[in-house]
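A.B. asks: next come a sequence and a model predicted from it.
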Amino acid sequence: MDLSIIIVNWNVRDLLDACLASVYSSDLDAASYEIIVVDSSSEDGSLDMLREKYPEAVVLPQSENIGFTRGNNIGLAAAQGDYLFLLNPDTEVSRQALAQLLDYMKAHPAVGIVGPQTLNTDRSHQSTRRRFPTLMTGIFESTWLSAWAPASLEVSYRVLESSDNDLIEADWVQGSALMLRRAVYDDIGGLDEGFTMYYEELDYCRRAKSAGWRVVYHGRVKITHHGGKSSEQASALKQIHFHTSKLRYFRKHHGYGAYVVLRALLLFQFGWQLTLEALKAALFHKREMRAERVRSYWRVLRSGLKARL
C-alpha cells in the first residue's frame, strides 16, 4: 500500500465528513491508500457518521479524549502504507494534492517530510513554512510583545523571502497536513507525547533533520485548512497548551537556561496583562470582556506554565 492517511477526530463530525469526502474524491487509486480515523471519544455522532458514510475507513475509537499527539501515534502504529500522511479533520484536499505529494516523495528519496501550501477558508494563504525558532522568536511569538517584534525576525522565522508558491527546503512545516515516508517513522519513531498540543510537528521535523532527512515545503500543492484562523482572544486552555509546549521545546532543544528565561518572561507578561485588564475593568471600560480576560490570564498564571520535561 502506498499511503496511509491518519486523521485524529474529536467532536468535529461535519468537518471530518467534508475532509473524508475530499480525500475519497482525489485522483488516487482507491486500492493504493487507506484512511485511519482515530476518534477521541467524540459525542457528536462522528462514529455513526463514519459507519454510515465511510465504512471502508479504518476507525480506531478511544474511550477518552487522548489528545492530538497520542492520537496520531496510535494511527501511525496501525498504518500499513509506505508513506504516512497526518491530516487534520478540519482540512480539505484538492483533487490532485495527494498524488502530487506522493509523486514528489517517490522522486526525491532524501526528502523525509513534505508539507503543502495551506489556504484559509477564504482562500487566503496560511503561513506553514518555517525556520527553527530562536529564543528571540520564543519571546515574541504569539505573545503580547508580538507587535514589537523586529521585522527581520518575522521574515526569517516565516521564510518570507520566498514566495508562497515556491518549492523550497524548510526547517519544519505545519502538522495540519504533513506527509512523511515510513523510513522516517522507522528511524525516529512517533511524535513526542510530551507535547499535548502545539509544537509537536516542529519537534518531529527537528528530530528528522537531525537524523539526516530533508524537510520540504511544496507550495505548488494546495489544501484548505478551515480551522487555521485564530480567534482574537484565545482561551486560557489554548494559551496554556501553546506556551507549555513552547517551553518544553526550548528546554529540549535549547537547554535549561533558555527554558528558565522564557518561562519567567511569559509569566511576567501574563501578570502584566492581567493587571492592565483589571485596571480597565475598574474604569468601567468593557467590563464583561475585561473580566473574562482577567479570568483567562489568572488561569494561565495559576498553571505556572510548567512544561512537561
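C.D. replies: Ah, there it is.

A.B. asks: show me what the closest residue to C205 other than its chain neighbours is bridged to.
C.D. replies: Using C-beta to C-beta, 6 or more residues apart in numbering and skipping residues adjacent in sequence, the residue nearest C205 is W172, 3.5 Å away. Yep, even glycine has a C-beta here, placed from its N, CA and C like the rest. Per DSSP bridges, the residues bridged to W172 are R130.

A.B. asks: wait, W172 touches R207, no?
C.D. replies: No - the criterion here is C-beta atoms under 8 Å, and W172 misses it with R207 at 10.3 Å.

A.B. asks: these two: which is more packed in?
C.D. replies: Higher neighbour count among W172 and R207: W172, with 25 against 18, using other C-beta atoms under 10 Å.

A.B. asks: so who does A57 touch?
C.D. replies: Going by C-beta atoms under 8 Å, 6 or more residues apart in numbering, A57 touches L20, I35, I36, V37, L50.

A.B. asks: give me phi/psi at it?
C.D. replies: For A57, the backbone dihedrals are phi -70, psi 150 (criterion: degrees, to the nearest 10).

A.B. asks: next one: I168
C.D. replies: phi -140, psi 160.

A.B. asks: apart from its neighbours in sequence, what residue is nearest T143?
C.D. replies: Nearest residue to T143 in three dimensions, chain neighbours excluded: Q269, at 5.8 Å (C-beta to C-beta, 6+ apart).

A.B. asks: and S245, how many neighbours does it have?
C.D. replies: If you count neighbours by other C-beta under 10 Å, S245 ends up with 23.

A.B. asks: related to what we said a few turns ago, tell me which of the contacts of A57 fall in strands.
C.D. replies: The strands, defined by DSSP state E, take in I35, I36, V37 from those.

A.B. asks: shouldn't the residue nearest to T143 be within a helix?
C.D. replies: Yes - looking at Q269 with DSSP: H, G, I helix; E, B strand; the rest coil, it is inside a helix.

A.B. asks: how about it, what does it touch?
C.D. replies: Q269 is in contact with T143, W144, L145, counting by C-beta under 8 Å, 6+ apart.

A.B. asks: include neighbour count, secondary structure and pLDDT when you put those residues into a markdown table, please.
C.D. replies: Shown next, in a markdown table, are the contacts of Q269 (neighbours: other C-beta atoms under 10 Å; DSSP: H, G, I helix; E, B strand; the rest coil; pLDDT from 0 to 100):
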| residue | neighbour count | secondary structure | pLDDT |
| --- | --- | --- | --- |
| T143 | 20 | coil | 81 |
| W144 | 13 | helix | 77 |
| L145 | 12 | helix | 80 |
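
A.B. asks: looking at the contacts of A57, which is nearest A211?
C.D. replies: I36 (24.3 Å; C-beta to C-beta).

A.B. asks: partners of that closest one in the sheet?
C.D. replies: On the basis of DSSP bridges, I36 is bridged to I6, V58.

A.B. asks: my guess is it contacts A79. True?
C.D. replies: Yes - counting by C-beta under 8 Å, A79 is a contact partner of I36 at 6.2 Å.

A.B. asks: more crowded one of these two?
C.D. replies: In this view I36 and A79 are compared by other C-beta under 10 Å, and I36 has more residues nearby, 24 against 21.

A.B. asks: which ones are touching that one?
C.D. replies: Neighbours of I36 in contact, by C-beta under 8 Å, 6+ apart: S4, I5, I6, I7, A57, V58, V59, L60, G75, A78, A79.

A.B. asks: which of those are buried?
C.D. replies: S4, I5, I6, I7, A57, V58, V59, L60, G75, A79 (16 or more other C-beta atoms under 10 Å).

A.B. asks: need the residues you listed in JSON lines with distance to M289 and pLDDT, can you?
C.D. replies: Shown next, in JSON lines, are the buried ones among the contacts of I36 (distance: C-beta to C-beta, whole Å; pLDDT from 0 to 100):
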{"residue": "S4", "distance to M289": "45", "pLDDT": "98"}
{"residue": "I5", "distance to M289": "41", "pLDDT": "98"}
{"residue": "I6", "distance to M289": "39", "pLDDT": "98"}
{"residue": "I7", "distance to M289": "35", "pLDDT": "98"}
{"residue": "A57", "distance to M289": "42", "pLDDT": "97"}
{"residue": "V58", "distance to M289": "45", "pLDDT": "98"}
{"residue": "V59", "distance to M289": "41", "pLDDT": "98"}
{"residue": "L60", "distance to M289": "41", "pLDDT": "98"}
{"residue": "G75", "distance to M289": "39", "pLDDT": "98"}
{"residue": "A79", "distance to M289": "45", "pLDDT": "98"}
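
A.B. asks: show me where the stretch 51-200 of the chain has its helices.
C.D. replies: Counting by DSSP state H, counting those that start in this stretch, one finds helices in the stretch 51-200 of the chain at the ranges 68-78, 97-107, 135-140, 151-157, 182-188, 200-210.
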